[in-house]
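S.K.: curious how this folds, go ahead:
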Amino acid sequence: IGLVCVYLAEAVARDGDLLYAQSLLLKAKRSMSKNPSNLALWIPYHSVYSLQQRLWGKAFSSDEAKATALDHAHEALTLARQQLGEGNPELWEHRRNLALAYQAQGRIFAAKKIHKMALAEVSKVHGDENRKVLQSRRDLAFIFIASGNNKRALEHYTTSTPPAIKQDAITYFDHMALAYHLDGQIEPALVASRKSLELRRGLIWEQILDQKDTTRTAFALRNTYETLFHTLTLEEADLQAQFETILNWHGTGLAIAKEKQRRIIALSKLAGKDADARDAWEAHRNGTAFLDPKALELAHKRLEAQGIELTGAPPEHITRVDLCEDLAKRDTWLVLYRAHLRVDAKSSRAGVPKDSRFYYAYVLSPECRLHRQNIAVAPLFEADLKTWRNQVTVSQECFKKHGTPFKCLKAFAKMDALSEHLYAHLFKRIE
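M.R.: Next comes the predicted model:
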């Protein structure tokens, strides 16, 4: 029972349910306490506990959890050495776990030393295409990025392949994009960023179809778009790519929210045999009552006939050309506002952006002409915005106190003047 709880805890921890994973590990410890010398039980326990605490420390910025993760990683490796002997390539998993625990604490050089040792051990007995060798190269590549050695990082990326697990592949392409970007290689950085984006959008759509909570993944999606957009801002000439990236950034989020809402409503409206098919499909998906292939196919067909998609892909990315026809029909302009840190390529790669944030707008005309209009330096505009909000509060409090606007004319007049000032900042230039 204890070992089952350990492996279940590993699965749910990797799926993001860290509190449930911790409760399973406590249950496992109580069950396994009767066998304190059974290494086959305690090695995976310490290894998974280290994983759970490392993820907890990352999620909640807990130094205590990170320290606990390191202690359990050390214990797992120590017990594994007793069982397998020093130098055994099967120690690779435990060495890697220890290196990641050091890495979580920001102790990069300690992590690098252990990652190198892990790679050396598995390389002796496995070929270059072995999954452990490839994973160790990916681990070292990230360590070299963190220590500022981007060329060495790229050497490891070019001799490894993406992991089979989609979430790990996303991280792989994110790190690769960062390494290329920091090394000044814009085109390969964009290729890697777009690959990560494609995988992440697909992953979110799969989670919607499985009715999983997509909040954490949605934040990760935002980060991927941000990375891609930041790389594009260093290529000032590629205005269309910048515009389409930010447009799809927001568009994908809206599509996710709408699809999730639509599915919830559609599933709740099912009745009769359609509701039976829904319940059978959900029981099969959750592993509580498995259907044979024929029954599963019939359930799928009945649900899909009601417009409930069980497979599929996220919406296609929209392009500037897609929008232009609609804008021409409506004789309408599209204005997309954005706040961004203006940086040059050199300072960005050095990790010390030199400029402040500013507001600007992408403007697409009915004739399909696109340009970017700078509006204001962010700190100045935000100070004006804060002043306006404070005056709105003063006006509201005055009205609440007196019950009539006639005793608050000065407050409302000042609010109107500040509104005109903001309007001139944001809209007048665009008009």
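
S.K.: next one: phi and psi at residue 163?
M.R.: Torsion angles at residue 163 (phi, psi; degrees, to the nearest 10) stand at phi -60, psi 160.

S.K.: identify the residues contacting it.
M.R.: 131, 134, 135, 138, 169, 172 (C-beta atoms under 8 Å, 6 or more residues apart in numbering). Every residue, glycine included, has its C-beta placed from N, CA and C.

S.K.: let's see which of those residues end up in helices.
M.R.: 131, 134, 135, 138, 169, 172 (DSSP state H).

S.K.: in this protein, where is pLDDT below threshold?
M.R.: Low-confidence segments of the chain (pLDDT under 70): 208-224, 226-228, 230-237, 253-254, 257, 286-287, 310-315, 340-357, 427, 429-431.

S.K.: for it, longest helix please?
M.R.: Every helix in the chain considered (DSSP H), the longest is helix 239-269.

S.K.: show me which residues of it are buried.
M.R.: 241-249, 252, 255-256, 259-260, 263, 267 (16 or more other C-beta atoms under 10 Å).

S.K.: for that helix, name the packing helices and strands.
M.R.: helix 186-209, helix 215-233, helix 320-330, strand 334-341, strand 357-364, strand 370-377 (3 or more C-beta pairs under 8 Å, 6 or more residues apart in numbering; DSSP states H and E).

S.K.: how far away is residue 266 from residue 112?
M.R.: Separation of residue 266 from residue 112 (C-beta to C-beta, to the nearest Å): 51 Å.

S.K.: meant to ask about residue 338, not that
M.R.: Distance from residue 338 to residue 112, by C-beta to C-beta: 38 Å.

S.K.: who's more crowded, those two?
M.R.: residue 112 (20 against 16; other C-beta atoms under 10 Å).

S.K.: contacting residues for that one?
M.R.: Counted by C-beta under 8 Å, 6+ apart, residue 112 has contacts 99, 140, 143, 144, 147.

S.K.: try 7 Å
M.R.: Residue 112 makes contact with 143, 147, according to C-beta atoms under 7 Å, 6 or more residues apart in numbering.

S.K.: then residue 152?
M.R.: residue 144.

S.K.: how near is it to residue 139?
M.R.: 13 Å.

S.K.: residue 295 too?
M.R.: From residue 295 to residue 139 the distance is 44 Å (C-beta to C-beta).

S.K.: who has more neighbours, the two?
M.R.: Between residue 295 and residue 139, counting by other C-beta under 10 Å, residue 139 is the more crowded of the two (23 against 14).

S.K.: OK, contacts around the more buried one?
M.R.: So residue 139 contacts 96, 99, 115 (C-beta under 7 Å, 6+ apart).

S.K.: so which of these comes closest to residue 305?
M.R.: residue 96 (47.8 Å; C-beta to C-beta).

S.K.: what is the neighbour count of residue 24?
M.R.: 24.

S.K.: and it, its phi and psi?
M.R.: The phi/psi pair for residue 24 (degrees, to the nearest 10) is phi -70, psi -40.

S.K.: quick check: it touching residue 8?
M.R.: Yes. Using C-beta atoms under 7 Å, residue 24 is in contact with residue 8, at 5.6 Å.

S.K.: can you tell me what sits against stretch 82-102?
M.R.: Under C-beta under 7 Å, 6+ apart, the answer for stretch 82-102 is 39, 43, 47, 50-51, 54, 69-70, 73-74, 76-77, 80-81, 110-111, 114-115, 117-118, 121-122, 124-125, 132, 139.

S.K.: can you say which of those residues are buried?
M.R.: Applying 16+ other C-beta under 10 Å to the contacts of stretch 82-102 flags 43, 47, 50-51, 54, 69-70, 73-74, 76-77, 80, 110-111, 114-115, 117-118, 121-122, 132, 139 as buried.

S.K.: if I pick residue 5, what's in contact with it?
M.R.: 24, 27, 28, 31.

S.K.: please apply the same query to residue 9.
M.R.: 21, 24, 25, 28, 48, 52.

S.K.: please flag which of those residues sit within helices.
M.R.: Per DSSP H, those map to helices at 21, 24, 25, 28, 48, 52.

S.K.: between the ones in helices among the contacts of residue 163, which is nearest residue 300?
M.R.: residue 169 (27.2 Å).

S.K.: the helices in the stretch 51-200 of the chain, which residues?
M.R.: 63-84, 92-104, 108-125, 131-146, 150-158, 166-182, 186-209 (DSSP state H, counting those that start in this stretch).

S.K.: by how many degrees do the shortest one and helix 186-209 diverge?
M.R.: Put simply, helix 150-158 runs at 50 degrees to helix 186-209, going by axes from the mean of the first three to the mean of the last three C-alpha atoms, to 10 degrees.

S.K.: can I get helix 150-158 in CSV, CA atoms only?
M.R.: Output in CSV follows, covering the C-alpha atoms of helix 150-158 (Å, rounded to 0.1, in the frame of the first residue of the first chain):
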residue,chain,number,x,y,z
ASN,A,150,25.2,30.1,-24.1
LYS,A,151,27.5,28.5,-26.8
ARG,A,152,28.1,25.4,-24.6
ALA,A,153,24.3,25.2,-24.0
LEU,A,154,23.7,25.2,-27.7
GLU,A,155,26.3,22.4,-28.2
HIS,A,156,24.2,20.2,-25.9
TYR,A,157,20.9,21.2,-27.5
THR,A,158,22.2,20.3,-31.0
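
S.K.: check which residues of that helix are buried.
M.R.: 150, 152, 153, 154, 155, 156, 157.

S.K.: could you do the longest one as well?
M.R.: In terms of neighbour count (16+ other C-beta under 10 Å), helix 186-209 has its buried residues at 186, 188-190, 192-201, 203-209.

S.K.: any idea how far that helix is from the chain center?
M.R.: Put simply, helix 186-209 sits 10 Å off its chain's centre (C-alpha atoms, centre = their mean, to the nearest Å).

S.K.: same check on the fourth one?
M.R.: Offset of helix 131-146 from its chain centre (C-alpha atoms, centre = their mean): 20 Å.

S.K.: how far off helix 150-158 does that helix point, in degrees?
M.R.: 160 degrees.

S.K.: same thing with the first one?
M.R.: Relative orientation of helix 63-84 versus helix 150-158 (the same axes, to 10 degrees): 50 degrees.
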